[in-house]
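Participant: fold the following, please.
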Amino acid sequence: MNLSLKLKLFTAILIGLCFSVSIAELERFEHPAKADGSLSVLVVGDWGRKGNYNQSQVALQMGKTGEKSDIDFIISTGDNFYEDGLTGVDDPAFEESFSNIYTAPSLQKQWYTVLGNHDYRGDVLAQINPILTKKDRRWLCLRSYILNAEIVEFFFVDTTPFRDKYFTETDHTYDWRGVLPRKEYLSNLLKDVDSALSESSARWKIVVGHHTMRSAGQHGNTVELVAKLLPILQANNVDLYINGHDHCLQHISSPDSPLQFLTSGGGSKAWRGDVSWWDPKEMKLYYDGQGFMTLQITLNEIDVVFYDIIGNVLHKWSVTKQVYAAE
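Facilitator: Have a look, this model is predicted:
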């Protein structure tokens, strides 16, 4: 093999390696904090029902609370379009369940969104297509990604492929394009999340996924996440795990670490009427109804507030971190 051919081969291999690394890493986005360094975030999940099941009423109250809290952006915990996701980028459900519902001035901020299991029943590639952002500039939805907001980093994780039952049930069809082979997909995702968390120097680390990890609601604990993702969160000192999936509002504290489990899945259909017993020392809130939550984040404190559909405060919780001179 002559020198020229060797150089070309080496260059091709190098480019291939660089490309492999780049596609394995989680995509990163930046969102500035306020001038004083603080951040205000609204979180809602399980909402996309074309305004039905009180979705419009929840949206109205979100707008009022968002204005009072001067929110910087909104997080959606998934199940964005019921019952079976979007049929394509031209599906009118996008406007009917999103653009035409969240019309308040305070909600015209960036939405950072994850996919839920109902979204996977439709055209997943449509929901993560940049064409939707052209339709509504607020929309950002990817499988897994990182949002750096200065004092805090949010790690959005695609939790639906973790659930074994979705790959065997016959009642529904799921769009697994981009996920198969599943074992490799999950292995790479777990490695990427672990690496990103361990390398993060953010003051606060918050992980967002659709599925419950700890829950007293209808779906209960997601055993696959408890087995595979929870140890990574605990090892990397994650502060909050935020999810939807159960159509309720919920706060469970961890018995063996500072990690808190927050459910905001009350964006529309709720009132399922079932709750499993949970140790009251850990269960700080369980509300079987519609609503949402806010996060007020500063360098040394996070304040969590849960609201019902008419704006009543259901629960407040705060956590602080000592600020040292070296910081």
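
Participant: where do the helices sit along the stretch 201-327 of the chain?
Facilitator: Taking DSSP state H, counting those that start in this stretch, the helices of the stretch 201-327 of the chain run over residues 223-228, 230-235.

Participant: from W139, how far off is the residue lying closest to Q296 once chain neighbours are set aside?
Facilitator: Once flanking residues are discounted, Q296 sits nearest to D303: 4.2 Å by C-beta to C-beta, 6 or more residues apart in numbering. C-beta: built from backbone N, CA, C; applies to glycine. Between D303 and W139 the distance is 27 Å, computed by C-beta to C-beta, to the nearest Å.

Participant: quick one: neighbours of the residue nearest to Q296, just the number.
Facilitator: As a burial measure, D303 scores 15 neighbours (other C-beta atoms under 10 Å).

Participant: okay, it and E95: tell me how far apart.
Facilitator: Taking C-beta to C-beta, one finds D303 at 34 Å from E95.

Participant: flag the shaky bits of this protein, pLDDT-wise.
Facilitator: 1-24, 323-327 (pLDDT under 70).

Participant: wait, what's in contact with the residue nearest to the spatial centre of it?
Facilitator: Centroid-nearest residue in the chain: V208, 3.5 Å away (criterion: C-alpha atoms, centre = their mean). The neighbourhood of V208, defined by C-beta atoms under 8 Å, 6 or more residues apart in numbering, consists of I75, T77, Y112, V114, F154, F155, F156, V157, Y241, I242, N243.

Participant: how deep is the nearest residue to R272 once chain neighbours are set aside tucked in, by neighbour count?
Facilitator: Ranked by C-beta to C-beta, 6+ apart and with sequence neighbours excluded, the top spatial neighbour of R272 is Q218, at 5.3 Å. If you count neighbours by other C-beta under 10 Å, Q218 ends up with 16.

Participant: pretty sure Q218 sits against G273.
Facilitator: No - the criterion here is C-beta atoms under 8 Å, and Q218 misses it with G273 at 9.0 Å.

Participant: what's the spacing between the residue lying closest to R214 once chain neighbours are set aside and S144?
Facilitator: Spatial nearest neighbour of R214, excluding adjacent residues (C-beta to C-beta, 6+ apart): F261 at 4.2 Å. The gap separating F261 from S144 is 19 Å, by C-beta to C-beta.
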